[in-house]
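1. Give me a 3D structure for the following:
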Amino acid sequence: MGTVFKLVDFGCRGVEGLNMELAAGRCLGLTGPSGSGKSLLLRALADLDPYEGRMFLDGVEAVRMPAPQWRRKVALLPAESAWWHDTVAPHFDALPASWLEGLGFDARAMEWQISHLSSGERQRLGLLRMLAQRPAVMLLDEPTANLDPKNTARVESLLEGLRRETDPVMIWVSHDLDQLRRCCDDIMVLAHGRLTALDEAAAGDGGDRAPEVPRL
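-> Numbering: from 1, shown residues only. Coordinates of the predicted model:
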């Protein structure tokens, strides 16, 4: 049985009353207006911000797990990753060479000065740093926002390969609907504190129902 990520009556500053169950290998796309709370939602799912309700990973509730352990398993890739060493290498314990190459790097990248990295290099290396944890759930906040089309394609290809090989759950935030359609199984829209399916949001079908994502 693969990973199951489940929310029960979950709420935070960006959404409320959310019930969601995502199975291993599934990717949920999340879009919505700027400021609607997408990043706040991801931070709460990673147990970095306060939340209400319950979160489960493979039947184990988040409150039963030390926060650092939860964050290794349910890993957040923020829009801007923090760096605390002068060079790249100390941020990694081990990294497959194929991942480096897949994102357009070679082994010399490990020797680079953080202060000399471009925004796109920081973003790709930040993704690799998250992937190196082998998380069961990947929370991706605009993972290609600073990238050109060539490097965007590299990121999408690497993540798709990992989906096939290791079956992580992914929640992928983006304003690029074409990208979400390429990479995700389902797409939800966050607006006014509610999550609705993309087709319902386009039709203006908000209704009074509690926001709920079907089992995927």
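
2. List the contacts of the longest helix along the chain.
-> Under DSSP state H, the helix in the chain containing the largest number of residues is helix 149-166. Applying CB atoms under 8 Å, 6 or more residues apart in numbering, the set of residues contacting helix 149-166 from outside is 25, 27, 99, 102-104, 120, 124, 127, 131, 134, 138, 140, 143-144, 147, 168, 170, 179, 182-183. C-betas here are computed from N, CA, C, even on glycine.

3. could you redo the last one with a cut-off of 7 Å?
-> With CB atoms under 7 Å, 6 or more residues apart in numbering as the test, helix 149-166 has contacts from 25, 27, 99, 102-104, 120, 124, 127, 131, 143-144, 147, 168, 170, 182-183.

4. Which strands and helices lie in contact with the helix or strand following it?
-> The first helix or strand that comes after helix 149-166 along the chain, using DSSP states H and E, is strand 169-173. On a contact count with 3 or more CB pairs under 7 Å, 6 or more residues apart in numbering; DSSP states H and E, strand 169-173 meets strand 27-31, helix 38-45, strand 137-141.

5. before we move on, back to that, just the ones of the contacts of helix 149-166 in strands?
-> Cys27, Met170 (DSSP state E).

6. are any of the contacts of helix 149-166 buried, and which?
-> Among these, those buried by neighbour count (16 or more other CB atoms under 10 Å) are 25, 27, 99, 102-103, 120, 124, 127, 131, 143-144, 147, 168, 170, 183.
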